[in-house]
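> Sequence plus the predicted model coming up.
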Amino acid sequence: AQSVTQLGSHVSVSEGALVLLRCNYSSSVPPYLFWYVQYPNQGLQLLLKYTSAATLVKGINGFEAEFKKSETSFHLTKPSAHMSDAAEYFCAVRRNNFNKFYFGSGTKLNVKP
Amino acid sequence: KAGVTQTPRYLIKTRGQQVTLSCSPISGHRSVSWYQQTPGQGLQFLFEYFSETQRNKGNFPGRFSGRQFSNSRSEMNVSTLELGDSALYLCASNRDTNTEAFFGQGTRLTVV
């Protein structure tokens, strides 16, 4: 079965601080893992994806994520938060040869000035 | 290059009515998937259409249905609306299997 768990429904950081959003996956086969961002009343925008090419994945807007098989984790990080990063972030998993995503419950990131 | 277009953006319907939502994928994309997003259940997969055929289906009642046309545009229909159907409905477009998914801005359905 495919699933992802996001720890922390709300995360608050100060502008300039490290952002760390946690995601753990459960998969019986090597997964394809994704992070998406959603701004209010908008659709989902792809931040980055892991497809087994490299364990450290760099995405847009300075975000990156590291795939750790031993910990079944795919945490999202950004060294320095910006006010414009305030949004909801979703971790997702997809099986090979399927276009169906299983999404985590989401983490709302608040950035304080 | 135009993105995924969903119409309408907002919709208010009464319980018991039916509704049809539309999704125009990116040109050349053959797969369209639909998701329901609610505060309580999060993002849940409804179904996927690929070259006019339903290829995957989520765990939703038969009141939720869809179709895909030869130009890859897709519609989803919800009959006998319930208050719990109030949600943001998102459409995702893929060029093919295992390719990047692009999401539309969604249709916000409110059932009163």
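Received it, and whenever you're ready, just let me know what you need.
> Okay, strands next: where are they in chain A?
A:3-7, A:10-14, A:19-26, A:32-38, A:44-50, A:56-58, A:64-68, A:73-78, A:87-94, A:101-103, A:107-112 (DSSP state E).
> Pull stretch B:60-77 out as CSV, backbone CA atoms only.
Coordinates of the C-alpha atoms in stretch B:60-77 are reproduced here as CSV (Å, rounded to 0.1, in the frame of the first residue of the first chain):
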residue,chain,number,x,y,z
PHE,B,60,-16.0,7.4,-4.2
PRO,B,61,-19.7,6.5,-4.7
GLY,B,62,-21.2,6.1,-8.1
ARG,B,63,-22.7,9.6,-7.9
PHE,B,64,-19.2,10.7,-9.0
SER,B,65,-18.6,10.0,-12.7
GLY,B,66,-16.4,11.4,-15.4
ARG,B,67,-15.5,11.1,-19.0
GLN,B,68,-12.9,12.2,-21.5
PHE,B,69,-13.4,13.4,-25.0
SER,B,70,-11.3,12.8,-28.1
ASN,B,71,-9.5,16.2,-27.6
SER,B,72,-8.5,15.0,-24.1
ARG,B,73,-10.8,17.5,-22.3
SER,B,74,-12.5,15.9,-19.4
GLU,B,75,-15.7,16.5,-17.4
MET,B,76,-16.7,15.2,-14.1
ASN,B,77,-20.3,15.0,-12.9
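> Give me the contacts around it.
For stretch B:60-77, contacts defined as C-beta atoms under 8 Å, 6 or more residues apart in numbering or on different chains pick out B:18-25, B:29-30, B:32, B:34, B:36, B:44, B:46-47, B:49-54, B:78-80, B:89, B:91. In short, each C-beta sits where N, CA and C put it, glycine included.
> Stretch B:103-112 now?
A:36, A:41-45, B:3-15, B:19, B:21, B:23, B:37, B:78, B:81-93.
> Just the buried ones from those, in PyMOL syntax?
Per 16 or more other C-beta atoms under 10 Å in any protein chain shown, the buried members of those correspond to this PyMOL selection:
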select buried, (chain A and resi 36+42+43+44) or (chain B and resi 4+5+6+13+19+21+23+37+78+81+85+86+87+88+89+90+91+92+93)
